[in-house]
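S.K.: Below: sequence and its predicted model.
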Amino acid sequence: MDKITSQTRLSEEDSGSIILAVDEACSNIIKHCCKNDPTRNIDLTIKLEADYLIITIVDNGIKFNIQSIKARDISDIKPGGLGVHIIKKVMDTVKYSHTPEGFNRIIMTKKLTD
């Protein structure tokens, strides 16, 4: 991931934030969809386009209810539960869906130009 972000026009701070967003997404998948089951798979694809960085994460964990994904209010201070908030704050678009094969999919996009 560091190699990809270093090939963009993103600042070091933005690059670090994107890495944090991907880490949060993967952590949520491992905990909530895969239930810490090491036999489950997570596939990460990074696509660099002229104006966008597109990160797609697909997992074969338990199918999640897309409507139940909500960011907790940042003012609600307690451990955990801020992953969705961080992801939505860092990335320009975040789309949750299911593949035709029944896998969970998250597509996160970051615009590279202003």
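M.R.: It's in.

S.K.: helix or strand right after the longest helix along the chain?
M.R.: Using DSSP state H to define each element, the chain has its longest helix at helix 12-28. Counting by DSSP states H and E, the next helix or strand C-terminal to helix 12-28 is strand 42-48.

S.K.: if we can go back for a sec, can you pull the alpha-carbon coordinates of the longest helix of the chain into CSV?
M.R.: Presented in CSV, the C-alpha positions along helix 12-28 are these (Å, rounded to 0.1, in the frame of the first residue of the first chain):
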residue,chain,number,x,y,z
GLU,A,12,2.2,11.8,3.3
GLU,A,13,-0.7,12.6,5.7
ASP,A,14,-3.3,11.6,3.1
SER,A,15,-1.4,8.4,2.3
GLY,A,16,-1.3,7.5,6.0
SER,A,17,-5.0,8.2,6.3
ILE,A,18,-5.8,5.9,3.4
ILE,A,19,-3.7,3.1,4.9
LEU,A,20,-5.6,3.6,8.2
ALA,A,21,-8.9,3.4,6.4
VAL,A,22,-7.9,0.1,4.7
ASP,A,23,-6.7,-1.2,8.0
GLU,A,24,-10.0,-0.3,9.7
ALA,A,25,-12.0,-1.9,6.9
CYS,A,26,-10.0,-5.1,7.0
SER,A,27,-10.2,-5.2,10.9
ASN,A,28,-14.0,-4.9,10.7
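
S.K.: what's the angle from it to strand 42-48?
M.R.: Put simply, helix 12-28 runs at 160 degrees to strand 42-48, going by axes from the mean of the first three to the mean of the last three C-alpha atoms, to 10 degrees.

S.K.: which strands and helices sit next to helix 12-28?
M.R.: helix 2-6, strand 42-48, strand 52-59, helix 83-90, strand 104-111 (3 or more C-beta pairs under 8 Å, 6 or more residues apart in numbering; DSSP states H and E). (Each C-beta comes from the backbone N, C-alpha and C, glycine too.)
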